[in-house]
Structure formats: structure tokens, C-alpha cells
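> next come a sequence and a model predicted from it.
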Amino acid sequence: MRIALSTGGGDAPGLNAVIRAVVLSARGRGWDVLGSKRGYAGLLGDDDVVPLTSESVRGIMAHGGTILRTTNRGSPFNYPVRSPDGSWTEIDRSDEIIENARNLGIDALISIGGDGSLAIAQRLVEKGMRIVGVPKTIDNDVSGTVMTFGFDTAVNTAIEAIDKLHTTAESHDRVMVLEVMGRDAGFIALYAGVAGTADVILVPEIPWNMDKVCEKIRARDAAGRRFSIVVVAEGVTMPDGEVGVIGESLPGQARRVGGVADVIAREIQVRTGKETRSLVLGHLQRGGSPTGYDRLLATRFGGAAVEAVANKKWGHMVALQSPHLVTIPIVDVLDSPKRVDATHDVVRTARAVGISFGD
């Protein structure tokens, strides 16, 4: 058996732990393992396909990022190609992947990625490729699994930032608005906000208005708590329906969102008269060593993915359904995106302890 590995989409702490677990588990079965560099670029000939051995994954468990590198604009079905005149076009190169994989003697592919990568994997499965998926996203927005690796590390990074903002906010009687990642789902903002004892949490799933946010800040002032911490997910829709957009996206890349923290901070200052500052945590949440939880979960996912290949679970994704790991069809995963449930116990607990969601 010869299997290949690819890592697609945004990087996440724990990717290397998955790679290590796949390689060691597969080698233990006597299988060969190849790694496709930069997502599917390696299999398309635009980058390398490299052999992965026990030696090549030695010591990578604690390292962030991915030794295979990754991209969020390499869909083989809409592959960006730059013309000599500088313009971009997108072409379908999916047949090339299937042919090149066959020529390399690849029997199966383990695709590690989020919703976008899983959607690509499903389309390739429908064209005959043998693929098993591994869920990866710091946003924790992949359906069918209780948790994805990288999420715990991102939350801990955000909590550390909130802890530090508390001390400077209290010293100056300021309002601090922290923007964390979360294009469509507010799990990082929710979990970090509750664990970091934020005063206001704004997520895409719960409609909010500025009056309620300012009402909470004024109430804290009246109670003698003259500083406030607001945690906001980058994909939050403003009350006027607008979403913050920063910079130009490259061809094949999703629209970049963010910058809402600055807009919200300026509005809070105007309405309350309190000095308000904003901070965008950005890609710090993607970097650094994975937490112990993420290392363990990623290793479990890697081992389970190899077992799924052995059991010929083509078109399935490994998932955590506590306390066990299972496999579920990728089509079911893609059927309903995972979002923060406004009735979830974490949301209810947050409200019970006095956190406002601006609603």
C-alpha cells in the first residue's frame, strides 16, 4: 500500500502531529507514505511530492505549521493560473491529479483540511479517488466532530491576550476591543471570551446592536468597574449589515474579512466618551506550538485516518464524538456547517455570569 498526504487551507497548530501519526502508523503496517507539498500543488507538478519516513517526521510533534506547507487557493477544480499579461484565470485540473496519483502508484490519499479542503476531497472521491479526510480548522466549524485540532491552541492564545489586556485596561479605565479569528463561526470568541472573563462577546451567529454594547459598558462604570473587555469575531456583521473587509484577495482565495474591532472601538468611544482601543490578534492564533490537547487529538486523528484507509472508508472523515473517534461520510459533514448555537450551554453560562452578547 502506498498512501499520500496533503495539508490544505489555513495552517493550524497540530498539523505536524497528524502527519507524524499518519507516517508512523502507516510505516508500522509496512506502507509507503508520500507527502504532496503545498496542498495539491505537489500532485499537480507545481511543487514536490516527497517520501515521508519515520526519520523525516522525527521531532515535529511540538512544531506549529506543516512541514508539507499549505495553501488556501489551490483547488484543482478552480486552479489559478497567471497569464503572461499578468491577468489570472481559473482552470479545472482535477483529472491531472487523478492521473498523476495513478502514475505515482498512490493507492489512497489522506486529505487534512477544513470545509473547503473536504469539499474538494468529496468532488475527487466522486471522480474515483480513494480519499479519507481529517478535519482541521482553528475555528472549530467542521460539522460531525466535537472538536478540531488547532482550536484549543488558538483559544489559549486569545485567552493570554485577554489576560494581558485586562491589566492595561484597568490601569487606564479603558475599553479594549479584541478581534479574534472566526469568519463564519464565533467559537474562538465565545470560548476565549468566557474563559478570559470578557464583558462583551460578539459572534456572527447572534445579532447585536451598539446600544446594548454601550449599555453594558455604562453599567460597569456605574458599578465602579471603569474598564471593559470586548471580544469580537472577525466575521461579525455590523448592525448596518456590513462585514469588515481588509485588503484584496488573491485569485482562488476567499474574501478577507476583519477590521471590525477598530470600527466598533471608535463607535464605543463616541457613544460613551470612554477611551477605547482595539487590537487584532490575527495570525498569532495560527502560530506557535500546539497545546497538549491539540497534540493528542491530532495524533488520534492521524492514527484513525490510517485505520480508515485500512478499512477502505473512502469518502469518510475521522471525527471526535466523545469519547470515541468515528468515521462519517464527508457529504454529511458538508451538509450543515457547524455554527455557535445561541442556546448552547456555554452561551447560557456566559449570560448567567453577566457577559453581554450585545442583544
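Done, it's in.

> beyond the lengthiest helix in the chain, next helix or strand please.
Assignment by DSSP state H gives helix 151-172 as the longest helix of the chain. Moving toward the C-terminus from helix 151-172, the next helix or strand (DSSP states H and E) is strand 175-180.

> what distance separates that following strand from the centre of its chain?
Here the centre of strand 175-180 is set off from its chain's centre by 20 Å, with CA atoms, centre = their mean, to the nearest Å.

> got the angle between it and helix 151-172?
170 degrees (axes from the mean of the first three to the mean of the last three CA atoms, to 10 degrees).

> what's the spacing between V331 and L118?
Taking CB to CB, to the nearest Å as the measure, V331 falls 10 Å from L118. For glycine as for every other residue, the C-beta is placed from the backbone atoms N, C-alpha and C.

> higher neighbour count, those two?
L118 (28 against 15; other CB atoms under 10 Å).

> you'd agree that one is up against V333?
Yes. The criterion here is CB atoms under 8 Å, and L118 meets it with V333 at 6.0 Å.

> quick check: neighbours shared by the two?
133, 135, 142, 317 (CB atoms under 8 Å, 6 or more residues apart in numbering).

> farthest pair in these?
The largest separation in the shared contacts of L118 and V333, counting by CB to CB, is between G133 and V142 at 9.3 Å.

> my guess is R27 contacts S56. True?
No. With contact defined as CB under 8 Å, R27 does not reach S56; the gap is 10.5 Å.

> so where's the stretch 201-350 of the chain uncertain?
For the stretch 201-350 of the chain, the stretches with pLDDT under 70 are 240-256.

> run through the helices of it in chain order.
For the stretch 201-350 of the chain, the helices defined by DSSP state H, counting those that start in this stretch occupy 210-222, 260-272, 292-310, 330-335, 345-352.

> out of those helices, nearest to P204?
Using CB to CB, the helices of the stretch 201-350 of the chain put helix 260-272 closest to P204, at 10.3 Å.

> now do the closest one against strand 175-180, angle only.
Using the same axes, to 10 degrees: helix 260-272 against strand 175-180 is 160 degrees.

> how far off helix 210-222 does helix 260-272 point, in degrees?
Using the same axes, to 10 degrees: helix 260-272 against helix 210-222 is 60 degrees.

> look up how far I120 lies from A310.
23 Å.
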